[in-house]
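> Okay, structure incoming, though there's no sequence with it:
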């Protein structure tokens, strides 16, 4: 059985001790990535976030980072004028980057330019430009930072997943790292908000410098000569989906089909709540995923919606990595689900008398368990921890 005791991903956050806001930003990242959201799919204590700011004994720089402590290491450097003006810290960063380049795609450096002085250390093309977000509120800047970093972590884990599946296939791992995350915007054009908010989110994706995101938007991106239905259903299968739940959404056949396909293919999915009055028949398959309330007047929470979707994408890669490491002990009757099971999960099961559905912790409630026992009494529902305990006993 292919099992590793090392965590899939460890996040290091480094800042100069004279950077007064460094600890505040580091705590923001810690709070974001140490949430139960990630713990449930990664196992153990979830994502580790480790600080590097306190100087090592008798040195002017922090303790070095041991890449062997994890399968992948993401190193966030919060570079301000204090860092850029300290030769010892500049040298420490340079050495770290050289070691990361030698380690390959499993170790990546993500420098964040806190102010314009950061460009002096010579890595302008790689910088996350915090100083360019001066027109945003503090909360919005932090949201932009976590979204940018989360996207990069997704690329790392996608590359790591390719290496797990095909050891030694370095070109495939690089190809997976360079691929963009496709975002499908599912929306209705039959009320005032659906198309407008979809366009606002699309514009945000394309206009945010350095995010590397792309989106699929049916109005613009269906090639001439291809059938609408084939393109739509194919794109839903390979994309992360934002469903813009406006007043007419549930009444539109294609919106309903897109949700069902997203659920059947277990793709990352977030619902943007854009109801302005009433939805006469809320579509029943829109549950069991994150629901984010939009501000309809200006759709000002579009950044938060995108950030929440990227959390779901990162969760999905963490879960898929975990599955890859345990699937050798799973029989053909075991199906792994990236979210708690619901009745639509049964649609893809060929033999309901033998199937075991394994999903992220924690176990579902007794009331949901009883419903499954009524509809499909032969299906066994197990959280990952429960299943591993039974399988490896």
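Thanks, I have the structure now. None of the values given here were measured: they were computed from a predicted structure. Residues are numbered from 1 along each chain as shown.
> And the strands in the chain?
9-15, 48-52, 72-79, 107-113, 182-186, 214-216, 240-245, 269-273, 291-293, 334-336, 356-359, 380-383 (DSSP state E).
> mind putting those in CSV, distance to residue 139 and mean pLDDT included?
Heads up, the C-betas are built off the backbone N, CA and C, glycines and all. Listed next are these as CSV, based on distance: least, Cβ to Cβ, whole Å; pLDDT from 0 to 100:
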stretch, distance to residue 139, mean pLDDT
strand 9-15, 19, 96
strand 48-52, 19, 95
strand 72-79, 18, 95
strand 107-113, 17, 93
strand 182-186, 22, 91
strand 214-216, 24, 69
strand 240-245, 21, 95
strand 269-273, 19, 96
strand 291-293, 15, 93
strand 334-336, 35, 94
strand 356-359, 32, 96
strand 380-383, 34, 96
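> Can I get those in a markdown table including distance to residue 251 and mean neighbour count?
Below are the strands of the chain laid out as a markdown table (distance: least, Cβ to Cβ, whole Å; neighbours: other Cβ atoms under 10 Å):
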| stretch | distance to residue 251 | mean neighbour count |
| --- | --- | --- |
| strand 9-15 | 42 | 24 |
| strand 48-52 | 44 | 18 |
| strand 72-79 | 43 | 25 |
| strand 107-113 | 44 | 21 |
| strand 182-186 | 14 | 24 |
| strand 214-216 | 23 | 20 |
| strand 240-245 | 12 | 26 |
| strand 269-273 | 16 | 24 |
| strand 291-293 | 19 | 15 |
| strand 334-336 | 32 | 19 |
| strand 356-359 | 31 | 22 |
| strand 380-383 | 33 | 18 |
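> Of those, give the one that comes closest to residue 86.
Distance to residue 86, taken as Cβ to Cβ, is lowest for strand 72-79 among the strands of the chain, at 10.5 Å.
> strand partners of the closest one, parallel vs antiparallel please.
The strands beside strand 72-79 in its sheet (DSSP bridges) come out as strand 9-15 (parallel), strand 107-113 (parallel).
> got a list of what the most centrally placed residue in the chain touches?
When Cα atoms, centre = their mean is applied to the chain, the residue found nearest the centroid is residue 314 (2.4 Å). When contacts are counted by Cβ atoms under 8 Å, 6 or more residues apart in numbering, residue 314 is found next to 38, 150, 153, 154, 157.
> so how far is residue 230 from it?
Separation of residue 314 from residue 230 (Cβ to Cβ, to the nearest Å): 30 Å.
> residue boundaries of the helices in this protein?
Under the criterion DSSP state H, helices of the chain are mapped to 22-33, 36-42, 81-84, 87-103, 138-165, 170-178, 194-207, 218-221, 228-238, 253-264, 302-326, 366-375, 384-391.
> Only the buried residues of the last one, if you could.
To tie it back to what came earlier, the one meant is helix 384-391. 384, 386, 387, 391 (16 or more other Cβ atoms under 10 Å).
> and the residues you listed as JSON lines, adding distance to residue 330 and pLDDT?
Formatted as JSON lines, the buried residues of helix 384-391 follow (distance: Cβ to Cβ, whole Å; pLDDT from 0 to 100):
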{"residue": "384", "distance to residue 330": "11", "pLDDT": "93"}
{"residue": "386", "distance to residue 330": "14", "pLDDT": "94"}
{"residue": "387", "distance to residue 330": "8", "pLDDT": "94"}
{"residue": "391", "distance to residue 330": "8", "pLDDT": "89"}
